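K.L.:
Build me a structure from this.
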Amino acid sequence: MLVVLYSRQGCHLCDVARDVILAERSGAAFAFEEVDIGGDDALELEYGVRVPVVEIDGHARFEVDVDPAAFAALVRRG
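P.N.:
Residues are numbered from 1 along each chain as shown. Below you'll find the model as predicted:
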């Protein structure tokens, strides 16, 4: 399972989303990548106002707010 966080520097909600994801790593096995959209016009266009965006196995599951319980349920059922 691959979890990707699309974020940008200085984004408080991105920091919160990252914390939720990292807190779950001890209870579930998944790969984690973070992509900074800053400076990439294509990514800014796609994700700009929606960051943080969390994708799980290529499917966007969360935008702006990551619910810890919902995220845990998705990654633990893997």
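
K.L.:
Can you list the buried residues in stretch 2-12?
P.N.:
By neighbour count on 16 or more other Cβ atoms under 10 Å, the buried set for stretch 2-12 is 3-8, 11. (C-beta placed from N, C-alpha, C; glycine too.)

K.L.:
right, and the helix or strand after the longest helix belonging to the chain?
P.N.:
Using DSSP state H to assign secondary structure, the helix with the most residues in the chain is helix 12-24. Sequence order places strand 31-36 as the next helix or strand after helix 12-24, per DSSP states H and E.

K.L.:
From the rest of the structure, what touches that next one?
P.N.:
Applying Cβ atoms under 8 Å, 6 or more residues apart in numbering, the contact partners of strand 31-36 are 1-9, 18, 21-22, 25, 43.

K.L.:
List the strands paired with it, with their directions.
P.N.:
Note on strand 31-36: by DSSP bridges, its sheet partners are strand 2-7 (parallel).

K.L.:
burial count for Arg18?
P.N.:
Using other Cβ atoms under 10 Å, Arg18 has 18 other residues around it.

K.L.:
Pass me the low-pLDDT residue ranges in the protein, would you?
P.N.:
By pLDDT under 70, the weakly predicted segments of the chain are 78.
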